[in-house]
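Q: build me a model:
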Amino acid sequence: MSSRSRLVPSQIPFGLLARGMTVLAAAVLAIAACTAGSTPPASPASQVPTASIVSPTSAPPASPTAAPAFPTTVTDDEGTAVELEAEPQRIVSLTPAVTEILFALGAGPRVVATTDFDDYPPEAVELPDVASFTAVDIEQIVGLEADLVIAGGNFFNPPESIVRLRSLGVPVIVVYAPTLDAVLTDIRVIGTAVGLGDEAAEMADAMQAGFDDVAQASAALPSPRTFYELDATSAIYTAADGSFIEQMIELAGGDPITTGSPTDFAIPLERLIEADPELILLGDAAYGVTAEQVAERAGWDVMTAVRTGEIRPVNDLIVTRPGPRLVEGLRELALAIHPDLVLPSAEPIPAMP
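A: The predicted structure follows:
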C-alpha cells in the first residue's frame, strides 16, 4: 500500500473523508473518499460520546491520573465498552494521529503495524502497512496477533472492518476527536488502554497549558478574518463550524471563516467572498499551492486578503492532525496570523530525547 492523497487522513477531522473526493497520486494533496455521495453526518461536538475509562468493580478506586490495573474496560468515542484482559503488547494503529500519540507516550516499541499514510515519527514509517484510505487488511492484523487495534471513527476506517475484527476476538478502540477537548480526552483514553495512563495525563495537561499560553499571548491583538485553506482542488475546503480547526484559529488570534455547517468542510465560493477574508492561510502550501496561484483564481481578486497580499503558508500537518504536536501547530498558526507575536518559550510535546 503506497498511494497518498492531498490531505492525509487524520490531519483533519474525520468527517471530511467520505465526501467523495478523488484519491490522487502520491504527490498530490486531497482527502480520501469512501463514496461518491454526500458526506455522512459527523456528530457535532455536543453529541459525540465522551470516551471514558471503567475500572474493574473489584479493583480499588484509581486516582485521576493513574492507569487502572488490568484487566480493565475502556469505553471508546462510539460508546463501545472494550475489555482488555492484559496490558497490550502488540498494538495496531489505524490512523496517523493515533500512531503519533502511541509513540509520544512511549508505546512505540509495542506498535506492530500502522497505515500506508503514516509519516511520523520515522520509526513508524518502517512498520508494516495494514490499512489504506479505503480498506483495512484484517487478515494481516490477525496474522500479526494484535492484542489491541486503535481505529478512527466517523468513517475514517470502514465500520465493517471494525465489526469484523471484533468478531474475531481482536479488541478495537475507536477514537474520533472533533474538538480540542476531545483530542486531550482521547490521549488519556489511549494512554490508559496501553497501560500508560500517568504519561497520557501528563501529556494532556502539558498540551492544555501550551494552548493556554498561546491564547493568552494573542488575546489582546486584533483578530483578522482568517480563511484556512485545507484544499481547493475540486471544491474549497476549510474549517467546519465547531471543529478543532476553528478552535485552533481562534486560540491563535484569528477570526475563523467556517463553512456554516458542523458536518460539511466544503465552503461555496460565494460564501467565502461574502466573508471577505483579511488573511488566507494555505494549509496546502506543502503540496505546491502558492499565493500567486490563489491570486489568479477566478473571482478571488475581490477578497481583501488577495488585494493586500496577505496569503501565507502554514505547516498543515502539525496544525490539523489531532495528536501531540498540536501545540507546535498552534504556535506556528499564531505566528502566521500575527508575525510579530512574542510567544513564551515551550518544550516540545513530547519532550525530545
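
Q: now the strands for this protein?
A: 52-54, 72-75, 81-84, 91-93, 111-113, 148-152, 172-175, 225-229, 255-256, 279-282, 311-313 (DSSP state E).

Q: dump the residue contacts of the residue lying closest to Ser223 once chain neighbours are set aside.
A: Leaving aside its sequence neighbours, Ser223 sits nearest to Asp255 (Cβ to Cβ, 6 or more residues apart in numbering; 4.2 Å). For every residue, glycine as well, the C-beta is placed using N, CA and C. Contacts for Asp255 (Cβ atoms under 8 Å, 6 or more residues apart in numbering) come out as Ser223, Pro224, Arg225, Thr226, Ile249.

Q: find me the pLDDT at Asp255, would you?
A: Reading off the confidence values, Asp255 has pLDDT 98.

Q: what's opposite it in the beta bridge?
A: Beta-bridge partners for Asp255, by DSSP bridges, are Arg225.

Q: quick one: Ala286 and Ala295, what's the gap?
A: Counting by Cβ to Cβ, to the nearest Å, the gap from Ala286 to Ala295 is 19 Å.

Q: neighbour count: these two, which is higher?
A: Neighbour comparison, Ala286 and Ala295: the larger count goes to Ala295, with 16 against 13 (by other Cβ atoms under 10 Å).

Q: that one reaches Ile311, doesn't it?
A: Yes: the criterion here is Cβ atoms under 8 Å, and Ala295 meets it with Ile311 at 7.2 Å.

Q: hang on, the earlier thing: nearest to Val214 among the contacts of Asp255?
A: Lowest distance from Val214 to the contacts of Asp255 (Cβ to Cβ) belongs to Ile249, with 11.4 Å.

Q: can you tell me how far that closest one sits from Ile349?
A: Ile249 is 20 Å from Ile349, by Cβ to Cβ.

Q: Glu278 now?
A: 30 Å.

Q: same question for Tyr176.
A: 21 Å.

Q: gap between the two ends of stretch 260-270?
A: 12 Å (Cα to Cα, to the nearest Å).

Q: gap between that stretch and the chain center?
A: 19 Å (Cα atoms, centre = their mean, to the nearest Å).

Q: likewise for stretch 150-161?
A: On Cα atoms, centre = their mean, the centre of stretch 150-161 falls 14 Å from that of its chain.

Q: and it, what's buried?
A: Ile150, Ala151, Gly152, Gly153, Asn154, Phe155, Phe156, Asn157, Pro158, Ser161 (16 or more other Cβ atoms under 10 Å).

Q: what residues are up against the first one?
A: Put plainly, it is Ile150. Counted by Cβ under 8 Å, 6+ apart, Ile150 has contacts 91-95, 98, 102, 172-175, 190, 193.

Q: could you redo the last one with a cut-off of 10 Å?
A: 76, 82, 88, 91-95, 97-99, 101-102, 111, 157, 171-175, 186, 189-190, 193-194 (Cβ atoms under 10 Å, 6 or more residues apart in numbering).

Q: any weak-confidence spans in the protein?
A: Per-residue confidence for the chain (pLDDT under 70) gives these ranges: 1-68, 351-353.

Q: ok, 80 please
A: 1-69, 347-348, 350-353 (pLDDT under 80).

Q: which one's more surrounded, Ile249 and Ile349?
A: Ile249 (28 against 20).

Q: didn't the more buried one look like it was pressed against Ala239?
A: Yes: taking Cβ atoms under 10 Å as the definition, Ile249 is a contact partner of Ala239 at 6.7 Å.

Q: need the residues touching each of the two.
A: Here Ile249 and Ala239 share the contacting residues Thr226, Phe227, Tyr228, Pro256, Ile257, Thr258, scored by Cβ under 10 Å, 6+ apart.

Q: kindly list the longest helix within this structure.
A: helix 197-218 (DSSP state H).

Q: elements contacting that helix?
A: In terms of contacts (3 or more Cβ pairs under 10 Å, 6 or more residues apart in numbering; DSSP states H and E), helix 197-218 is packed against helix 96-105, helix 180-193, helix 244-251, helix 326-337.

Q: break the chain down into its domains, please.
A: According to automatic domain parsing, the chain comprises the domains 45-209, 215-337.

Q: and the shortest one, how far out from the chain middle?
A: If I follow you right, that is domain 215-337. 16 Å.

Q: good, wrapping up.
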